[in-house]
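Colleague: I'd like to go over a predicted model; first the sequence, then the structure.
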Amino acid sequence: MSIEVKNVFKYYGEQAALNDVSFKINSGEIVGFLGPNGAGKSTMMKIITCYIPKSSGEVKVCGLDVDEESIEVRKKVGYLPEHNPLYLDMYVKEYLDFVASIYKIPNKKERIAEMIELVGLQKEQRKKIGALSKGYRQRVGLAQAIIHDPEVLILDEPTSGLDPNQLVDIRKLILDIGKTKTVMLSTHIMQEVEAICDRVIIIKEGQLVADAEAKEIQKEASKEEQTVLVEFDKETTRSQLNKIDGINNVREVAENKWLLSTNQTEDIRPVISKFAQDNGLLVLTMNKEEKSMEEVFKELTKE
């Protein structure tokens, strides 16, 4: 078990930032840690990485207690905070040499060269960090987080503010890293969760509201309202479609293409097929739609 969190509370004065949070993350998983602003995501990550203490509960990383064995925990964890704390006046290689010295890494020169190649900093390695774009600064942050070859990687908003090309590069890098390490990342970009996360943990107001595989969460949420996208070969009307037994919402998305919704748990596709047959329509395509991760997130975290 890479990360084990049991009944964790964290208070700032009388306010509970974390309220009885428990979860486990296995070795080799990439887990999305999600929640609205102020939900307690960064607080939880700071507790796991030994930056701040919890008020009560138990947190272990690779079997080590974060309170009693914090130095050993830090050796096993790589951390990229939300606000990447880089020394802007240092050169890229100089900064990585500084970080490698802190971790007392042998063969520093070879390890730094390896990191520069891994995160794609070859062309920027002789520049000052202050002269780099935000995308390249994030790469430097990732390089410092993994230079000591940690077992666990904690990434707080690693793709925040990046352009589309940089997003693709950083996501690919996280996926590659995730093949050999446990990765816990927070993000507000739901497409990112769908693209790279094996599992999702969602918290709201300091409390856990979901913990499952992303596809399972989407599937479970989609059971409550079933939506089918259907395309007919010729025109029909909204009023006709509204007469289909069980349909409670009809929306036209393109010519002869409709989104039909129902609260019924039974598959409504046979009913739609019968409607088409009775009205002399041919069904060209018909797909049962699952809710997007963004829709699920909104439902689980709304006021």
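Modeller: In hand now; what should we look at?
Colleague: neighbouring contacts of the helix or strand harbouring residue 171?
Modeller: Assignment of secondary structure by DSSP states H and E places residue 171 within helix 164-177. Counting by CB atoms under 8 Å, 6 or more residues apart in numbering, the neighbours of helix 164-177 from elsewhere in the structure are 30, 118-120, 133-135, 138-139, 142, 146, 153, 155, 158-159, 162, 183, 185, 189, 192, 195-196. Any C-beta I mention is one placed from the backbone N, CA and C, and that applies to glycine too.
Colleague: in that helix, what counts as buried?
Modeller: Within helix 164-177, the residues that qualify as buried are 166-167, 169-171, 173-174, 177, counting by 16 or more other CB atoms under 10 Å.
Colleague: next, format these as TSV and append pLDDT and distance to residue 297.
Modeller: As requested, those are exported to TSV (pLDDT from 0 to 100; distance: CB to CB, whole Å):
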residue	pLDDT	distance to residue 297
166	76	23
167	81	18
169	81	24
170	81	21
171	86	18
173	83	24
174	87	19
177	83	24
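Colleague: and which of those residues is nearest to residue 111?
Modeller: For residue 111, the closest of the buried residues of helix 164-177 turns out to be residue 177, at 15.3 Å, with distances computed as CB to CB.
Colleague: hang on, the earlier thing: run the chain-centre distance for the helix holding residue 171.
Modeller: Taking CA atoms, centre = their mean, to the nearest Å, one finds the center of helix 164-177 at 13 Å from the center of the full chain.
Colleague: would you agree residue 271 is in contact with residue 260?
Modeller: No: because the distance of 9.5 Å does not satisfy CB atoms under 8 Å, residue 271 is recorded as not touching residue 260.
Colleague: any shared contact partners between the two?
Modeller: Shared contacts of residue 271 and residue 260, defined by CB under 8 Å, 6+ apart, comprise residue 244.
Colleague: low-scoring stretches of the chain, by residue?
Modeller: Residues of the chain meeting the criterion pLDDT under 70: 1, 220-224, 303.
Colleague: now with 50?
Modeller: Per-residue confidence of the chain (counting by pLDDT under 50) places no residue in a weak region.
Colleague: distance check, residue 297 against residue 163.
Modeller: Relative to residue 163, residue 297 is positioned 23 Å away (CB to CB, to the nearest Å).
Colleague: mind checking which of these two has more residues around it?
Modeller: Using other CB atoms under 10 Å, the more surrounded residue of residue 297 and residue 163 is residue 297, with 24 against 11.
Colleague: and the host helix or strand of that one, what other elements does it pack with?
Modeller: Here residue 297, judged by DSSP H and E, is contained in helix 293-301. In this structure, helix 293-301 packs against helix 190-196, strand 199-204, strand 207-213, helix 214-224, with contacts taken as 3 or more CB pairs under 8 Å, 6 or more residues apart in numbering; DSSP states H and E.
Colleague: do you know which of those lies nearest residue 285?
Modeller: Proximity to residue 285 (CB to CB) singles out helix 214-224 among the helices and strands packed on helix 293-301, at 18.6 Å.
Colleague: packing partners for the helix or strand just after the closest one?
Modeller: Later in the chain than helix 214-224, the nearest helix or strand by DSSP H and E is strand 226-232. Packed against strand 226-232 by the contact rule (3+ CB pairs under 8 Å, 6+ apart) you find strand 257-262, helix 269-278, strand 283-289.
Colleague: check which residues of the longest one are buried.
Modeller: Buried positions in helix 269-278, judged by neighbour count with 16+ other CB under 10 Å: 269, 271-272, 275-276.
Colleague: with respect to residue 293, which of the residues you listed is nearest?
Modeller: Proximity to residue 293 was ranked across those by CB to CB; first place goes to residue 269, at 23.6 Å.
Colleague: please, which helix or strand holds residue 24?
Modeller: Counting by DSSP H and E, the element that carries residue 24 is strand 15-25.
Colleague: show me the contact partners of that strand.
Modeller: So strand 15-25 is in contact with 1-11, 31, 40, 43-44, 47, 54, 57, 182, 184, 199, 201, 203, 205-208, 211, going by CB under 8 Å, 6+ apart.
Colleague: likewise for stretch 108-119?
Modeller: 92-93, 96-97, 100-101, 105, 121-122, 125, 139-140, 142-143, 146-147, 173.
Colleague: tell me the buried residues in that stretch?
Modeller: Applying a neighbour-count criterion of 16+ other CB under 10 Å, the buried positions in stretch 108-119 are 108, 111-112, 115-116, 118-119.
Colleague: need the residues you listed in CSV (columns: secondary structure).
Modeller: Putting the buried residues of stretch 108-119 into CSV (DSSP: H, G, I helix; E, B strand; the rest coil) gives the following:
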residue, secondary structure
108, helix
111, helix
112, helix
115, helix
116, helix
118, helix
119, coil
